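Novice: any chance you can model this:
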Amino acid sequence: MTNLLLVLPDFDIKPYTHILPSLEKALISTADLLTLDAPDIAKRAQVPPGEARKLANALLDGLHGFDNCDEGPGRQGGQIDVREVGNGQALVERWRAISTLDDGLDAKLKGGIGVGCVTEVVGESAAGKTQLLLTLLLSVQLTAPDGLGKSALYISTEAPLQTTRLAQILKAHPKLSTLPAKQQPSLGRIQSTHVHDLEAQDHILRYQVPVVIERHNIGLLVIDSIAANYRPEFDKGKARDSAAESFAKRSIQVAQLGVLLRDIARTHNMAVVVANQVADRFLPIEPSSQVPQPSQHTQRSRPGSPPRSTNGRSAQMSQHLPSDSPTEAALLSTDDPLAFDHQQRFLTGWGDDPSPNLKTPSLGLTWTNQLAARIALLKEPVYSGRLAVGEEVSSSSWKRTFKVVFSAWCAESKTAFEITEGGVRSIAEVQPEAEAT
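Specialist: So this is what the prediction gives:
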């Protein structure tokens with residue numbers, strides 16, 4: 001297997017050493033083993049079909065994390081006994097999550113941030129990422145069902161841990177401030193460190209973090225932010241001289257980081273939450289006097305899909321665009337299912353609604369594939385009055401949205417929220433009154 005240990009570094013290959021050389025010689029990859037039928041693999045590599053099927057099943061169980069799960073109701077040797085699960089109640093009882101300390105957000109997340117997997121919180125500056133992460137550092141210390149009764153580890157790549165803000169949340173949050181003194185979270189149960197480069201980050205995650213987890217009973221690992229050390233590392237002059245090599249190297253390192261974080265979450269049965277930055281997406285340069293013709297289309301803007309309707313601020317701003325200029329929705333529409341403009345609305349958190357400031361999470365699709373869940377914190381300005389030609393644009397407040405882009409344990413959703421002295425708080429949607437009959 002050419003890439004077996006890269007996909008699953010902790011996979012036990014001893015029971016399969018008698019067929020691995022044949023599989024390696026036949027260039028059977030991990031993807032082939034998971035997607036092809038066992039008889040086809042056996043014929044291609046000249047190995048017994050039963051052994052190929054046994055290896056494929058073991059590899060699938062390893063990817064699901066069953067081998068490292070604790071024993072419990074409905075489990076035998078890390079496997080789920082369907083006969084004992086019944087209606088799924090045993091699986092529900094085993095589900096553990098860290099509360100956001102807000103009932104509205106927890107309802108969308110089916111209890112909170114899942115344990116045993118990697119969750120990303122992405123958004124632009126001042127969107128509320130750090131506020132949510134600070135709340136999780138406190139809530140993980142609570143007993144079930146809100147927390148795990150464990151400590152937290154905070155790794156910063158930018159600003160140091162905001163202890164003043166933590167104390168403010170602890171004092172002002174209604175759920176935390178009313179707890180008895182012995183049950184309240186403590187800043188002393190939050191371990192923190194600061195890393196300045198990728199080399200230090202890798203060393204800390206591989207060698208120091210496992211020790212800290214065992215020594216201090218850590219239930220939550222927070223990294224804020226995951227992309228900060230990659231930008232200066234790959235923006236150096238040498239990297240710019242060979243952009244393709246730099247991009248390939250970064251993709252490999254990002255994939256290795258994802259494997260490492262997933263292994264930490266699964267092995268120690270804890271939650272790993274990372275903050276991520278965003279980058280702006282720019283439209284293709286087109287002549288302002290004419291709409292792109294079908295013969296000039298690219299993969300980024302192919303004709304055929306009807307432009308998405310605009311509303312809100314987008315519609316308001318479009319009134320000032322020349323009538324013959326292509327709209328942003330038209331430039332981003334595409335019929336190619338493999339194009340990023342088609343898929344990004346399902347992966348990034350931006351693109352399903354018309355917006356004048358499209359963003360995309362840093363580190364690209366390579367990093368996206370490492371995640372079990374992505375939460376996008378969106379913000380858009382709320383203008384005090386109608387925009388007029390020549391009027392200076394000014395916003396009086398921000399409209400914030402807590403968006404579950406994808407998740408392994410809950411459905412996609414959108415929830416309005418605000419940042420308060422006590423942390424993040426969802427805003428109940430006001431239902432329009434029914435018209436009188």
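Novice: so D10 makes contact with R262?
Specialist: No. Applying C-beta atoms under 8 Å, one finds D10 not in contact with R262, separated by 10.7 Å. Bear in mind the C-beta positions are built from the backbone N, C-alpha and C, glycine included.
Novice: more neighbours: which of those two?
Specialist: Shown here are D10 and R262; by other C-beta atoms under 10 Å, R262 has more neighbours (19 against 12).
Novice: which non-adjacent residue is nearest the more buried one?
Specialist: Counting by C-beta to C-beta, 6 or more residues apart in numbering, R262 lies nearest to V118, which is 5.6 Å off, once chain neighbours are set aside.
Novice: and the one you found, what are its phi and psi?
Specialist: phi -100, psi 130 (degrees, to the nearest 10).
Novice: L378 - nearest residue in space that isn't next to it in sequence?
Specialist: T401 (4.2 Å).
Novice: elements contacting the helix or strand where the one you found lies?
Specialist: Using DSSP states H and E, T401 maps to strand 395-407. Packing partners of strand 395-407 (3 or more C-beta pairs under 8 Å, 6 or more residues apart in numbering; DSSP states H and E): helix 103-108, helix 340-347, strand 373-383, strand 413-420.
Novice: output the ones you listed as CSV; include the columns mean pLDDT.
Specialist: As requested, the helices and strands packed on strand 395-407 are exported to CSV (pLDDT from 0 to 100):
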stretch, mean pLDDT
helix 103-108, 95
helix 340-347, 76
strand 373-383, 89
strand 413-420, 94
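Novice: I'd like those written out as TSV, with distance to G62 added.
Specialist: Below are those laid out as TSV (distance: least, C-beta to C-beta, whole Å):
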stretch	distance to G62
helix 103-108	31
helix 340-347	25
strand 373-383	21
strand 413-420	31
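Novice: per the record, what domains does the chain have?
Specialist: 4-68, 94-281+358-426 (automatic domain parsing).
Novice: relative to A339, which of these is closest?
Specialist: A339 sits nearest to domain 94-281+358-426 of all those, at 12.4 Å, using C-beta to C-beta.
Novice: flag the shaky bits of the stretch 301-437 of the chain, pLDDT-wise.
Specialist: Residue ranges of the stretch 301-437 of the chain with pLDDT under 70: 301-338, 340, 353-357, 384-396, 429-437.
Novice: repeat that with 50
Specialist: Low-confidence segments of the stretch 301-437 of the chain, defined by pLDDT under 50: 301-333, 432, 434-437.
Novice: isn't V273 right up against L136?
Specialist: Yes. Using C-beta under 8 Å, V273 is in contact with L136, at 6.2 Å.
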